[in-house]
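Asker: sequence plus predicted model, see below.
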Amino acid sequence: MPVMEQTEVVDLRGQKRTQRILVVDDTQHNRDLLETLLVVEGYEVSTAKDGLAAIDFIEKSPPDLVLLDVMMPKMNGYEVCRWIKTNEATMLTPVVMITALNTLEDKLQSIEAGADDFLTKPFNKFELKARIRALTRVKQYVDELERAETVICSLALTVEAKDPYTEGHCERLSNYSAALGLRLGLNREEIRALRLGGVLHDLGKIAIPDAILLKPARLTEEEWVIMRRHPEIGERICEPMKSLKLVLPIIRHHHERWNGEGYPDGLKGHEIPVTARVLQIADIYDALATKRPYKRALSKAEAIQTMREEVEKGWWDGELLEMFAGLMMAGDGQ
């Protein structure tokens, strides 16, 4: 296979591009050596002479992989690596530490900083190239998953776009849900699932006929049977994607009720996944606080009071509602 084909990837717009590697080292000779070695292999190479310059470059144009020296002025390699791995936009970018330091402590520091690999200078160029190929293949796979997620999210937003009265609903729902999830102490993966769930929760409505989805009058019982299928349809669409594993319970169960009278599975109480309950609270609130053809938008206080009355009917998780009410009244949920 030609070298250039091995180092090409498809970007989020579906266009082919050469894989980009950032070399960070405070020694010009080392930067030149690595650049020459990698350009011959077909990579697009950029360089930075210190940690601050590296961060500035990554913020402007995230690379597919970073080769990072440890001992540098201004900001050492461990600090740069931690920045990369704690930044949501770059945390999946592979980082290889290349350093003259070779003690066990040095390697442990690299691992603790989040490095994906560690090479000691002087390095074997064949070993370096093999490790780069392995890590860029992983990055390419991650990017392919991201493209698939982007397509699915675009499909979900077409459902929102059908009804002008729901404009901005997905974005608000993502923000409300993430804020409540953070207050509840959910972990980073669960918060990410809530943000995606805000966009994807009604994806299954793409299979519901517009005559039912956009009907201005009350639905018939037969039409409700069709409408209630959308959580299961949305789950089936997203199920093949392992990266959406934590989003599936949100999609399937956001119409369950605390008293077990919801759908599709009739779950009750804590049987309903907590992330589904979080998104449910945010979803109902936004529906009440948004103007529709058949009703005015309720104020924050009116919407919360209405939901409290529904809690008394056994519909929602009362503890989560009070936590959400605290966020909204304090302005933190905006």
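Answerer: Ah, there it is. Residues are numbered from 1 along each chain as shown.
Asker: skip the chain neighbours and tell me the closest residue to the residue nearest to the spatial centre of the chain.
Answerer: With distances taken as Cα atoms, centre = their mean, Arg192 lies nearest the centre of the chain, 4.8 Å away. Computed as Cβ to Cβ, 6 or more residues apart in numbering, the closest residue to Arg192 that is not its neighbour in sequence is Leu246, at 7.6 Å. To be clear about C-beta, it is placed using only N, CA and C from the backbone, and glycine gets the same treatment.
Asker: you'd agree the one you found is in a strand?
Answerer: No: counting by DSSP: H, G, I helix; E, B strand; the rest coil, Leu246 is not part of a strand but coil.
Asker: if I look at it, how far off is Leu67?
Answerer: 32 Å (Cβ to Cβ, to the nearest Å).
Asker: which element is the residue nearest to the centre of the chain on?
Answerer: Using DSSP states H and E, Arg192 sits in helix 188-200.
Asker: can you list contacts of that helix?
Answerer: With contacts defined as Cβ atoms under 8 Å, 6 or more residues apart in numbering, helix 188-200 is touched by 149, 152-153, 156-157, 170-178, 181-182, 186, 234, 238, 244, 246-247, 250-251, 254, 275, 278-279, 282.
Asker: same deal with stretch 76-84?
Answerer: Against stretch 76-84 from outside (Cβ under 8 Å, 6+ apart): 24, 51, 54-55, 58, 66, 68-71, 90-91, 93, 95, 97, 99, 109-110, 113-115.
Asker: let's see which of these end up in strands.
Answerer: Judged by DSSP state E, these include 24, 66, 68, 95, 97, 99 as members of strands.
Asker: what ranges does the stretch 1-150 of the chain have for its strands?
Answerer: For the stretch 1-150 of the chain, the strands defined by DSSP state E, counting those that start in this stretch cover 8-10, 16-18, 20-24, 44-48, 65-68, 95-99, 117-120.
Asker: would JSON lines of the ones you listed with mean pLDDT be doable?
Answerer: JSON lines is the format used below for the strands of the stretch 1-150 of the chain (pLDDT from 0 to 100):
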{"stretch": "strand 8-10", "mean pLDDT": "54"}
{"stretch": "strand 16-18", "mean pLDDT": "73"}
{"stretch": "strand 20-24", "mean pLDDT": "94"}
{"stretch": "strand 44-48", "mean pLDDT": "94"}
{"stretch": "strand 65-68", "mean pLDDT": "93"}
{"stretch": "strand 95-99", "mean pLDDT": "88"}
{"stretch": "strand 117-120", "mean pLDDT": "84"}
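Asker: what about these, which gets the closest to Gly204?
Answerer: strand 8-10 (28.0 Å; Cβ to Cβ).
Asker: so Gly260 sits right up against Gly266, yeah?
Answerer: Yes: counting by Cβ atoms under 8 Å, Gly260 does reach Gly266; the two are 5.3 Å apart.
Asker: need the per-residue pLDDT for the spatially closest residue to Ile250 that is not a sequence neighbour.
Answerer: Leaving aside its sequence neighbours, Ile250 sits nearest to Gly197 (Cβ to Cβ, 6+ apart; 3.6 Å). With respect to pLDDT, Gly197 scores 93.
Asker: only C-alpha atoms, please: export stretch 122-130 in CSV.
Answerer: C-alpha atoms of stretch 122-130 as CSV (Å, rounded to 0.1, in the frame of the first residue of the first chain):
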residue,chain,number,x,y,z
PRO,A,122,17.9,7.7,21.9
PHE,A,123,14.9,5.9,20.4
ASN,A,124,14.8,3.3,17.7
LYS,A,125,13.2,4.8,14.6
PHE,A,126,11.4,1.6,13.6
GLU,A,127,9.9,1.3,17.1
LEU,A,128,8.8,4.9,17.0
LYS,A,129,7.1,4.5,13.6
ALA,A,130,5.4,1.3,14.7
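Asker: for it, which residues meet the burial criterion?
Answerer: Buried residues in stretch 122-130, defined by neighbour count with 16 or more other Cβ atoms under 10 Å: 123, 128.
Asker: show the average pLDDT along it.
Answerer: Per-residue scores along stretch 122-130 average to 86.
Asker: before we move on, back to that, run a quick neighbour tally on the residue nearest to Ile250.
Answerer: Gly197 has 31 neighbouring residues, counting by other Cβ atoms under 10 Å.
Asker: same check, this time on Glu59
Answerer: Neighbours of Glu59 using other Cβ under 10 Å come to 12.
Asker: same deal with Ala217?
Answerer: When neighbours are counted by other Cβ under 10 Å, Ala217 registers 7.
Asker: quick one: it is in a strand?
Answerer: No: counting by three-state DSSP, Ala217 falls outside a strand, being coil.
Asker: quick check on it: phi, psi?
Answerer: Dihedral angles of Ala217 (phi, psi; degrees, to the nearest 10) stand at phi -100, psi 170.
Asker: relative to Gln280, how far out is it?
Answerer: Distance of Ala217 to Gln280, given as Cβ to Cβ: 25 Å.
Asker: need the contact list for the residue nearest to Arg192.
Answerer: 189-190, 192-193, 275.
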